[in-house]
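**Student:** Model the structure of this input:
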Amino acid sequence: QVQLVESGGGLVHTGGSLRLSCTASGSIFSVEKMGWYRQAPGKQRELIATITSGGSPTYAESQKGRFTLSRDNANNKVYLQMNSLKPDDTAVYYCNADIIARWGGGFRHLELWGQGTSVTVSS
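**Tutor:** Coordinates of the predicted model:
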């Protein structure tokens with residue numbers, strides 16, 4: 001079974017920082033693109049940033065400046081460093097990944113989502 005597991009969410013005051021982590025595990029051949037999205041109450045899920053295995057992060061225009069995406073290819077991890085947090089950043093944050101899994105003697109492409117980690121920023 002291939003899965004994504006997130007951690008690092010929590011409650012923080014305005015101006016604080018959090019670092020989210022996401023690990024892909026299971027019968028993995030390779031992990032292609034990884035990224036983070038978020039969904040605030042009553043709103044649609046929105047992109048924060050993505051990164052390919054050999055590239056630099058690409059940020060949604062609205063997310064540039066306070067958030068930093070990084071990746072540990074050797075351990076199939078992706079991180080989101082969030083600084084200067086605001087109440088508007090309150091949301092459930094989801095990890096997403098494109099994975100080539102070992103599957104029945106061959107390979108299979110999977111697009112997976114993590115279960116989400118909740119971030120609450122108090123004013």
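
**Student:** Distance check, Ser122 against Leu85.
**Tutor:** 10 Å (C-beta to C-beta, to the nearest Å). Backbone N, C-alpha and C define where each C-beta goes, glycine included.

**Student:** intersection of neighbour lists for those two?
**Tutor:** Contact criterion C-beta atoms under 8 Å, 6 or more residues apart in numbering; residues shared by Ser122 and Leu85: Val12, Thr14.

**Student:** More neighbours: which of these two?
**Tutor:** More neighbours surround Leu85 than the other of Ser122 and Leu85, with 21 against 11 (other C-beta atoms under 10 Å).

**Student:** Was I right to think that one contacts Gly16?
**Tutor:** Yes. Assessed by C-beta atoms under 8 Å, Leu85 is found in contact with Gly16 at 5.3 Å.

**Student:** what's the overlap in contacts for those two?
**Tutor:** Common neighbours of Leu85 and Gly16 (C-beta under 8 Å, 6+ apart) are Val121.

**Student:** what about stretch 48-65, how long is it end to end?
**Tutor:** End-to-end distance for stretch 48-65, by C-alpha to C-alpha, to the nearest Å: 11 Å.
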